[in-house]
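A.B. asks: Need coordinates for the following:
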Amino acid sequence: MGTISLEGMEFFARHGCFSEEQAIGNRFLADVHIEVNVSRAAASDSVDDTVSYQEVYKAVERQMLIPSKLLEHVAGRIANGLLHDFGAIERVTVKVAKLNPPLGGGAVRQASVCLSAEAPKNADATNSANSSW
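C.D. replies: The predicted structure is shown next:
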């Protein structure tokens, strides 16, 4: 088992509960940690034997471009999408952070949500993930 991580992916998106947030947009960071069996890739040196982090980035980007009110919703979509799109992933942890959130007070560098989800354990399971949130 190994962990493939993409950290500090930065996106401009329109997430937030306030209409101004959805209209103006903001900068967001996303971190993804994917647990996957990497033994074949470690031996073969072939991207075909692992989960391509370039493809993971594209999948995260697609979800970040869909406006949502809650970071929980964005992170959940990313986690479930990755589990659905990449069958080799056994567990995924996603963190989504809004930079400089409009909290109406002192400066706050970021507000974030972190969640984890696991692939279904049996072959008869549907595409829905077993989430810990």
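A.B. asks: Return the list of helices and strands in contact with the longest helix seen in the chain.
C.D. replies: Longest helix in the chain by number of residues (criterion: DSSP state H): helix 71-85. With contacts taken as 3 or more Cβ pairs under 8 Å, 6 or more residues apart in numbering; DSSP states H and E, helix 71-85 sits against strand 26-36, helix 53-64, strand 89-99, strand 110-118, strand 130-131. (Each C-beta comes from the backbone N, C-alpha and C, glycine too.)
A.B. asks: Mind checking the pLDDT average for that helix?
C.D. replies: Helix 71-85 carries an average pLDDT of 97.
A.B. asks: Return the residues in contact with the residue nearest to residue 2 when sequence neighbours are not counted.
C.D. replies: Nearest non-adjacent residue to residue 2, counting by Cβ to Cβ, 6 or more residues apart in numbering: residue 38, 3.5 Å away. When contacts are counted by Cβ atoms under 8 Å, 6 or more residues apart in numbering, residue 38 touches 1-2, 4, 50.
A.B. asks: okay if I get the helices and strands packed on helix 71-85 as CSV plus mean pLDDT, distance to residue 18 and mean neighbour count?
C.D. replies: Supplementary listing: these in CSV, determined by pLDDT from 0 to 100; distance: least, Cβ to Cβ, whole Å; neighbours: other Cβ atoms under 10 Å:
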stretch, mean pLDDT, distance to residue 18, mean neighbour count
strand 26-36, 97, 11, 19
helix 53-64, 97, 18, 16
strand 89-99, 97, 12, 21
strand 110-118, 97, 13, 17
strand 130-131, 56, 27, 14
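A.B. asks: can you tell me which of those comes nearest to residue 72?
C.D. replies: Residue 72 lies closest, by Cβ to Cβ, to one member of the helices and strands packed on helix 71-85: strand 110-118, at 5.1 Å.
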